[in-house]
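>>> would you be able to build a 3D model of this:
(4 chains)
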Number of protein chains: 2
Amino acid sequence: MTAVTRHSWKDIRNRIHARILDGTYTPGDKLPRDEDIAGELGCARSTVQRAMRDLSDSGTIERRRKGGTHVRADPVTRAIFDIPITRREVEQKGSVYGYQLISQGIAQTPRSVTAKFGLQAPATMLRVQALHLADQGPFIYEDRWVCLQTVPEISNVDLERESANEWLVRNKPYSRCDLRFYAIKASSHDARVLEIAPGEALFVMERTTWIGTKPITTVKAVTTPGYQLLTQI
Amino acid sequence: MTAVTRHSWKDIRNRIHARILDGTYTPGDKLPRDEDIAGELGCARSTVQRAMRDLSDSGTIERRRKGGTHVRADPVTRAIFDIPITRREVEQKGSVYGYQLISQGIAQTPRSVTAKFGLQAPATMLRVQALHLADQGPFIYEDRWVCLQTVPEISNVDLERESANEWLVRNKPYSRCDLRFYAIKASSHDARVLEIAPGEALFVMERTTWIGTKPITTVKAVTTPGYQLLTQI
DNA sequence: AAAGATATAAAGTACGTACTTAATCAAGGG
DNA sequence: CCCTTGATTAAGTACGTACTTTATATCTTT
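Numbering: from 1, shown residues only, chains lettered A, B, ... in the order given. So this is what the prediction gives:
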């Protein structure tokens, strides 16, 4: 009776990864085929496949049918960020969350918004400006456009009470999401809303969502000075 | 002879996802066990498992052993970013890459750097300041500390010719990486190096890496005005 | 030599089965 | 009543097999 040792895919992954780390396989190198690795390490091919997918997901290797597996020649840092709804973010850092509607109204989308959605022509959408507060102080200012054709129900929502952020995230799942991060100098308007000095450097997160090809919403979330976004560990 | 229809895990995932999108299962709801879904949709449990893992990875659902599968009550936007080495980034936007060493020297880590690594006491490390150029103009300024104990070989690298960025990424794989993004106002020093006006808002990416528990390097990469980081689609 | 057809290699997928792990619940004992 | 112990449940994993997909390479034909 041979003691049948079973190998977890994590072990297999670690052993392959270790070979990359120690230079057995260097960037650009081709790895043996799954089947050979399976034979060598004494496990099933499907276990190697599982390990390889993990390494592939993390950006360590690249796999192509027929082409085989290669150590990524051109390493990237692949990072995963979780952006929670603002209320949760505030509450998780132990602060009291607050919300204020600044203004809402229906208008034609300006060129910049039309472009973000990839639309040909301007559309009539709902614009909502609101402030999220932490411990009574400004935390994030959001400037949002919501597509009324895709989300007509938003008209029935009392945006004085419930933030568009939360209503949308709970009621309008999306199938596509574009995100972009950058820095801006606080305009006098930003400064007034966020109660800071004009000219401060502010971190901005922009998010645009669609369901299928239909636009849902685009938000520019302007954070207060000192805000940092961290990777999810 | 029954025509045996085979179902791809992506189909299965889409059908489950569709039920979340259309409100059949709403946030917080418990989904049937994998086996029941498999029976209902006419596929193997392992196919459901594959579909579920994908939905779980994307943050749509949460799974717990014995606890079952639930639609995430508290939706997050989960984004994946690929941060390439700077040379590649410049070349990919069609510009000519350039690199200049500004200064290098050995020094005690200041409190902020010591803290980033989670060290108890300051350590002696190599500090490298350098500029990445795109089409002869400043693109990213990096201020880096490299742990000499973990990476003694760095001493033999000619940092006038090869950027620490590239040498490290090709020669020193890491097992842990912390990332943080934020905005700063350009100091007079930043402004001089990047050839911009002091007080500009700049987007900053900070990255700290370890191998096991040993620190490798920490970089503060200060981008030029207008820089945007986009999700990988 | 260029273009197209065919073969082939390697990853990807699907399924069934059996076993493992972790969380939860219930029963029993102090 | 609390704590421990054991049973149960559902996800997670491992494996073998068979089939599919997609690049790549080779061969044929014009």
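>>> residue boundaries of the helices in chain A?
Here chain A has its helices, by DSSP state H, at A:9-21, A:34-41, A:45-57, A:86-92, A:111-117, A:164-171, A:188-194.
>>> the second one and DNA strand C, any residue contact?
Translated: helix A:34-41. Yes. Contact of helix A:34-41 with DNA strand C (C-beta under 7 Å from any atom of the strand) involves A:34-35. Yep, even glycine has a C-beta here, placed from its N, CA and C like the rest.
>>> tell me what the residue nearest the centre of chain A is bridged to.
Nearest to the geometric centre of chain A sits A:F81, at 5.5 Å (C-alpha atoms, centre = their mean). When assigned by DSSP bridges, A:F81 has beta-bridge partners B:A79.
>>> so who does it touch?
A:229-232, B:78-81 (C-beta atoms under 8 Å, 6 or more residues apart in numbering or on different chains).
>>> can I get the residues you listed in a markdown table with distance to B:L202 and pLDDT?
Converted to a markdown table, the contacts of A:F81 look like this (distance: C-beta to C-beta, whole Å; pLDDT from 0 to 100):
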| residue | distance to B:L202 | pLDDT |
| --- | --- | --- |
| A:L229 | 15 | 95 |
| A:L230 | 19 | 93 |
| A:T231 | 20 | 89 |
| A:Q232 | 24 | 73 |
| B:R78 | 27 | 90 |
| B:A79 | 21 | 90 |
| B:I80 | 24 | 90 |
| B:F81 | 18 | 92 |
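>>> is it possible to mark the buried ones in these?
Buried by 16 or more other C-beta atoms under 10 Å in any protein chain shown: A:229, A:231, B:78-81, out of the contacts of A:F81.
>>> quick one: which of those is nearest DNA strand D?
DNA strand D lies nearest to B:R78 out of the buried ones among the contacts of A:F81, by C-beta to the nearest atom of the strand, at 16.2 Å.
>>> my guess is that closest one meets A:D82, correct?
Yes. Counting by C-beta atoms under 8 Å, A:D82 is a contact partner of B:R78 at 5.4 Å.
>>> which neighbours do these two have in common?
Any residue near both B:R78 and A:D82 by C-beta under 8 Å, 6+ apart counts here, and that gives B:G59.
>>> I figured A:H17 hits A:D54, correct?
No. Using C-beta under 8 Å, A:H17 makes no contact with A:D54, being 9.0 Å away.
>>> please enumerate the strands of chain A.
A:30-31, A:61-64, A:68-71, A:76-84, A:97-108, A:124-134, A:137-147, A:176-185, A:201-211, A:214-223, A:229-230 (DSSP state E).
>>> for the last one, which helices and strands make contact with it?
Put plainly, it is strand A:229-230. Secondary-structure packing of strand A:229-230 (3 or more C-beta pairs under 8 Å, 6 or more residues apart in numbering or on different chains; DSSP states H and E): strand A:76-84, strand B:176-185.
>>> kindly report the same for the second one.
In terms of contact count using 3+ C-beta pairs under 8 Å, 6+ apart, strand A:61-64 is assigned the packing partners helix A:45-57, strand A:68-71.
>>> hang on, the earlier thing: mind putting the strands of chain A into JSON lines with distance to A:W9?
Formatted as JSON lines, those follow (distance: least, C-beta to C-beta, whole Å):
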{"stretch": "strand A:30-31", "distance to A:W9": "16"}
{"stretch": "strand A:61-64", "distance to A:W9": "14"}
{"stretch": "strand A:68-71", "distance to A:W9": "15"}
{"stretch": "strand A:76-84", "distance to A:W9": "19"}
{"stretch": "strand A:97-108", "distance to A:W9": "41"}
{"stretch": "strand A:124-134", "distance to A:W9": "42"}
{"stretch": "strand A:137-147", "distance to A:W9": "40"}
{"stretch": "strand A:176-185", "distance to A:W9": "30"}
{"stretch": "strand A:201-211", "distance to A:W9": "34"}
{"stretch": "strand A:214-223", "distance to A:W9": "37"}
{"stretch": "strand A:229-230", "distance to A:W9": "29"}
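>>> those strands: which one's closest to B:H132?
With respect to B:H132, and counting by C-beta to C-beta, the nearest of the strands of chain A is strand A:76-84 at 15.4 Å.
>>> what angle do the closest one and strand A:176-185 make?
Strand A:76-84 runs at 90 degrees relative to strand A:176-185, counting by axes from the mean of the first three to the mean of the last three C-alpha atoms, to 10 degrees.
>>> using PDB, write down the CA coordinates of strand A:76-84.
Extracted in PDB, the C-alpha atoms of strand A:76-84 (Å, rounded to 0.1, in the frame of the first residue of the first chain):
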ATOM      1  CA  VAL A  76       3.300  44.500 -13.700                       C
ATOM      2  CA  THR A  77       2.100  45.200 -10.300                       C
ATOM      3  CA  ARG A  78      -1.400  44.000 -10.300                       C
ATOM      4  CA  ALA A  79      -3.500  45.500  -7.500                       C
ATOM      5  CA  ILE A  80      -7.100  45.000  -6.400                       C
ATOM      6  CA  PHE A  81      -9.000  47.800  -4.800                       C
ATOM      7  CA  ASP A  82     -12.400  47.600  -3.100                       C
ATOM      8  CA  ILE A  83     -14.300  50.800  -3.200                       C
ATOM      9  CA  PRO A  84     -17.100  50.500  -0.700                       C
END
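>>> centre of the chain versus that strand, how much separation?
From the chain centre to the centre of strand A:76-84 is a distance of 7 Å (C-alpha atoms, centre = their mean, to the nearest Å).
>>> that one vs helix A:45-57, what angle?
Using the same axes, to 10 degrees: strand A:76-84 against helix A:45-57 is 80 degrees.
>>> any regions of chain A where pLDDT drops low?
Across chain A, residues meeting the criterion (pLDDT under 70) sit at A:1-4, A:233.
>>> DNA strand D contacts on that one?
Residues of chain A lying near DNA strand D (C-beta under 7 Å from any atom of the strand): A:6-11, A:43-47, A:50, A:64-67.
>>> now, which of those residues sits nearest A:V90?
A:K10 (36.0 Å).
>>> domain parsing of chain A, as residue ranges.
Chain A breaks down into these domains under automatic domain parsing: A:9-71, A:86-223.
>>> between those domains, which gets nearest to B:E166?
domain A:9-71 (11.0 Å).
>>> quick one: that closest one to chain centroid distance?
28 Å.
>>> related to what we said a few turns ago, how about the helices of chain A in CSV, adding mean neighbour count?
Shown next, in CSV, are those (neighbours: other C-beta atoms under 10 Å in any protein chain shown):
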stretch, mean neighbour count
helix A:9-21, 17
helix A:34-41, 15
helix A:45-57, 18
helix A:86-92, 17
helix A:111-117, 15
helix A:164-171, 19
helix A:188-194, 15
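>>> dump these to TSV, plus distance to chain B.
Formatted as TSV, these follow (distance: least, C-beta to the nearest C-beta, whole Å):
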stretch	distance to chain B
helix A:9-21	5
helix A:34-41	17
helix A:45-57	8
helix A:86-92	6
helix A:111-117	12
helix A:164-171	5
helix A:188-194	11
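>>> can I get those helices in a markdown table including distance to A:Q100?
Below are these laid out as a markdown table (distance: least, C-beta to C-beta, whole Å):
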| stretch | distance to A:Q100 |
| --- | --- |
| helix A:9-21 | 48 |
| helix A:34-41 | 56 |
| helix A:45-57 | 41 |
| helix A:86-92 | 12 |
| helix A:111-117 | 23 |
| helix A:164-171 | 13 |
| helix A:188-194 | 10 |
